[in-house]
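Student: Generate a structure from the sequence data that follows.
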Amino acid sequence: MDDNARPHRSRAVVDYLQNNAVTTLPWPAMSPDLNPLEHVWDILGRRIQALQPPVQTLRELEAALHREWLQVTREQIRRLTGGMRRRVDAVIRARGGFTRY
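Tutor: Alright, predicted model coming up:
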């Protein structure tokens, strides 16, 4: 998933997409983000940052992400996906502008 934000658009990413004929949809930067998976990444990121002691290596990070992923509950996923209608309605009302989501 690519949201066209500059931090996600490194030269390596652009080169990979071009060299592997990956077709992307036009998506303006700063568009409303309606992808519930972004919120799951946020949950995981906060949990990883709160770990004590903090992870030190890529291998520790991978293990911690796997552990924390297994702790994300079905109820959390249901809440995130269940709110999609509200999010879409809010974006429509804001005509694509800022929403609290």
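
Student: Check which residues of the helix or strand where residue 63 lies are buried.
Tutor: When secondary structure is defined by DSSP states H and E, residue 63 falls within helix 58-71. Within helix 58-71, the residues scored as buried using 16 or more other C-beta atoms under 10 Å are 64-65, 68. Every C-beta, even on glycine, is put in place using the N, C-alpha and C of the backbone.

Student: from the residues you listed, which is closest to residue 75?
Tutor: Closest approach to residue 75 among the buried residues of helix 58-71 (C-beta to C-beta): residue 68, at 15.9 Å.

Student: what residues go with each domain of the chain?
Tutor: As recorded under automatic domain parsing, the domains making up the chain are 1-31, 33-101.

Student: weakest of these in terms of mean pLDDT?
Tutor: Of all the domains of the chain, the minimum mean pLDDT falls on domain 1-31 (a mean of 75).

Student: Would you confirm that residue 36 contacts residue 80?
Tutor: Yes. Under the criterion of C-beta atoms under 8 Å, residue 36 makes contact with residue 80 at 4.1 Å.

Student: The most centrally placed residue in the chain: which element?
Tutor: Within the chain, the residue whose C-alpha comes closest to the C-alpha centroid is residue 38; the distance, by C-alpha atoms, centre = their mean, is 2.5 Å. Using DSSP H and E, the element containing residue 38 is helix 36-50.

Student: quick one: that helix to chain centroid distance?
Tutor: Distance of helix 36-50 from its chain centroid, counting by C-alpha atoms, centre = their mean, to the nearest Å, is 8 Å.

Student: Summarise which helices and strands that helix is packed against.
Tutor: Of the remaining helices and strands, those touching helix 36-50 by 3 or more C-beta pairs under 8 Å, 6 or more residues apart in numbering; DSSP states H and E are helix 58-71, helix 74-82.
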